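Colleague: Okay, here's the prediction I keep looking at, along with the sequence it came from:
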Amino acid sequence: MASLAGSRVTARRGRFALAACGAAVLLFGLVDASAARPGAGRPAAHRGARLLGMDHARVARPGAPSLRYSTFGRGRLLPGLDRSRRAGFPSSGDRVPGGTGGEIYAMNADGTGQVNLTNNPNADDGYADWSPDGAKIAFTQISADAEIFAMNADGSNQTDLSNDPATADIDPVWSPDGTKIAWARATDTSDYDIWVMHADGTNQTQLTTDPGFDAYPAWSPDGTKIAFARRRSDGPGDVYVMDADGGNQTNLTNDQPNYDYAPTWSPDGLRIAFTRVDENSSQVYVMNADGSDQTNLTNDSAQNYAPAW
């Protein structure tokens, strides 16, 4: 882990965070979101919100709205105030979860007070997401199979929510009101699809049934829609959006033969940022919530990916 003037950056292996373990640190980038925002200059619904890359880099500084992302090759930093929950700040903004070698950690926003929350030496824990009130953390635990767990913010009361050894369950995300969790599930007969359940694990409901790979669910701020990535068996993929009950599945990016994934909503719900991969590079884009005005924000030779507001 490395700290730079109030920022916290950790590298990740695959999608599991590496913190406090002496691992090499990924560089990160930050761009001004207002430059690509439709109607730039209007007050943002969440002033100073920031887009964060790979759920592993956090910073808390005052300033204009910014987009944060991961990049191989270089890093840069512009002002902004991070209010993300995903493997980062809870709603109170005072503690930061990360991970190390398959564990979920929490620490104070200045990097002090690092605590191993999961303490599961025989499992890999990752994909951490704070509940909106900061009281709980949902995460994936991989041992004999992959399951969605939830625990209190101090690591106590770890509970298997998905609880289905016949499936692989990953990438949980809380609904904005904290009553539901969306995630990606694969079975013996299907690739990953998007599912949703109540926060206690009951009422598990499949939302997508496409033969391709559906993952990276992201709730809209008002909880009425879920954006996700769909990758077809022939390789290309797009960012889709659907109603929270699975209806009206719509291709937003529609950009063959590229692969678009990792969507994330702006706090005001007007825009969606995502990663676009072509045969030469990986770049961070932003678009209106209806898929229009797709704009390359990074547009350089580095590999830029995995945004998160």
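Modeller: That came in fine, so what should we check first? What you are looking at is a predicted structure, and each value in this text was computed from that prediction instead of being measured.

Colleague: I'd like the average pLDDT over stretch 132-143.
Modeller: Mean pLDDT, stretch 132-143: 94.

Colleague: Same question for stretch 276-291.
Modeller: 93.

Colleague: Same check on stretch 203-218?
Modeller: Mean predicted lDDT for stretch 203-218 stands at 94.

Colleague: Quick one: end-to-end distance for it.
Modeller: 19 Å (Cα to Cα, to the nearest Å).

Colleague: now do stretch 204-212
Modeller: For stretch 204-212, the end-to-end distance is 20 Å (Cα to Cα).

Colleague: Give the buried residues for that stretch.
Modeller: Neighbour-count burial for stretch 204-212 flags 204, 207, 208, 210, 212 (criterion: 16 or more other Cβ atoms under 10 Å). Using the backbone N, CA and C atoms, a C-beta is placed for each residue, glycine as well.

Colleague: how about low-confidence regions in this structure?
Modeller: 1-101, 189 (pLDDT under 70).

Colleague: just to revisit the earlier point, for residue 145, state which of the buried residues of stretch 204-212 is nearest.
Modeller: Looking at the buried residues of stretch 204-212 and their distance to residue 145, the nearest is residue 204, at 15.3 Å (Cβ to Cβ).

Colleague: doesn't residue 162 make contact with that closest one?
Modeller: Yes - the criterion here is Cβ atoms under 8 Å, and residue 204 meets it with residue 162 at 7.2 Å.

Colleague: Common neighbours of these two, please.
Modeller: Jointly contacting residue 204 and residue 162 under the rule Cβ atoms under 8 Å, 6 or more residues apart in numbering are residue 197.

Colleague: hey, where'd the helices end up in the stretch 201-309 of the chain?
Modeller: With helices called from DSSP state H, counting those that start in this stretch, the stretch 201-309 of the chain shows none.

Colleague: follow-up on the earlier one: mind putting the buried residues of stretch 204-212 into CSV with distance to residue 225?
Modeller: Compiled in CSV, those are given as follows (distance: Cβ to Cβ, whole Å):
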residue, distance to residue 225
204, 20
207, 11
208, 13
210, 17
212, 20
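
Colleague: Check these and tell me the two furthest apart.
Modeller: 204 and 212 (20.9 Å).

Colleague: start to end distance for stretch 168-183?
Modeller: Where stretch 168-183 begins and where it ends lie 10 Å apart, using Cα to Cα.
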